[in-house]
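Novice: Give me coordinates for this.
(one chain, ligands or ions: 2)
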Amino acid sequence: MQELEERIQSEGTVKEGNVLKVDAFLNHQCDVRLFDRMGAAWAEHFAGKKIDKILTIEASGIGIACVAAQHFGNVPVVFAKKAQSINLDGDQYVTSVYSFTKQKEFPVIVSKKYLNAGEHVLLIDDFLANGKALHGLIGLCREAGASVTGIGIAVEKGFQGGGDALRAEGYDIDSLAIVDAMDPATGEITFRH
Ligand SMILES: O=P(O)(O)OC[C@H]1O[C@H](OP(=O)(O)OP(=O)(O)O)[C@H](O)[C@@H]1O
Ligand SMILES: O=c1[nH]c(=O)c2nc[nH]c2[nH]1
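Specialist: Numbering: from 1, shown residues only. Ligands and ions are numbered 1, 2, ... in the order given. Sure thing, here's the model as predicted:
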């Protein structure tokens, strides 16, 4: 998606440790008009596919998924929570995911009420790096007996390999920008086309 690549080039910064900082528009301050066009792009890619629900993960996927849902007939958006809460009751699907930016393992929890056998689920997230978050969400869907119809990602860091491993497993991943290389010394960012 050319607009997203241009925003990354003009407003993104490359940090040490394979971190691309795009918090001016994607995952701290949120450009909701950009999110809307990202939703439209995913809707075009997944046109004709049955999607009952969007599943994402706290925190940064939530806003993007909610805006995107408007392009999928306003299907419900469920986000996996990364902490137990007194507001979480009943039976739960629980797994554990290593957080790329927080550098620690979190429980990842979805109430059994909100993920059901036979549902067709679209996974959406802001970033795909090593694939840990997506593997967690896929595991929750598998446990629930729901199927993963596709995966919509804003920014994939292709050089970290998580996306290509999931494609090799057969998942249909629509990443709107794929960074193939980035250099913290020069700030140079190269995209895969
Ligand atoms: O492919 P991976 O290696 O799993 O990296 C991608 C994940 O990393 C970030 O989550 P993180 O927990 O770092 O931050 P967040 O709480 O802002 O979503 C991002 O939002 C993705 O969920
Ligand atoms: O803001 C972010 N920048 C990144 O490079 C990244 N990788 C995973 N999650 C991420 N979030």
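
Novice: Next up, phi/psi of residue 84, please.
Specialist: The phi and psi values for residue 84, taken as degrees, to the nearest 10, are phi -70, psi 150.

Novice: pLDDT wise, what is it at?
Specialist: On the pLDDT scale, residue 84 is placed at 82.

Novice: Could you do the one 10 residues further on as well?
Specialist: According to the per-residue confidence, residue 94 scores 96 in pLDDT.

Novice: Hmm, it is touching residue 109, no?
Specialist: Yes: with contact defined as C-beta atoms under 8 Å, residue 94 reaches residue 109; the gap is 5.1 Å. The C-beta positions use only the backbone N, C-alpha and C, and glycine is treated the same way.

Novice: which parts of the chain sit against ligand 1?
Specialist: 27, 57-61, 99-102, 125-133, 162 (C-beta under 6 Å from any ligand atom).

Novice: So which of those belong to helices?
Specialist: When DSSP state H is applied, the residues of the chain next to ligand 1 are split such that 61, 132, 133, 162 fall in helices.

Novice: residue contacts, the first one?
Specialist: Shown here is residue 61, whose contacts under the criterion C-beta atoms under 8 Å, 6 or more residues apart in numbering are 79, 124, 125, 126.

Novice: what about the second one, how many neighbours?
Specialist: Same thing as residue 124. Applying other C-beta atoms under 10 Å, we find 30 residues neighbouring residue 124.

Novice: State the distance from it to residue 154.
Specialist: 8 Å (C-beta to C-beta, to the nearest Å).

Novice: My reading is that residue 64 is in a strand; is that accurate?
Specialist: No: according to DSSP: H, G, I helix; E, B strand; the rest coil, residue 64 belongs to no strand; its state is helix.
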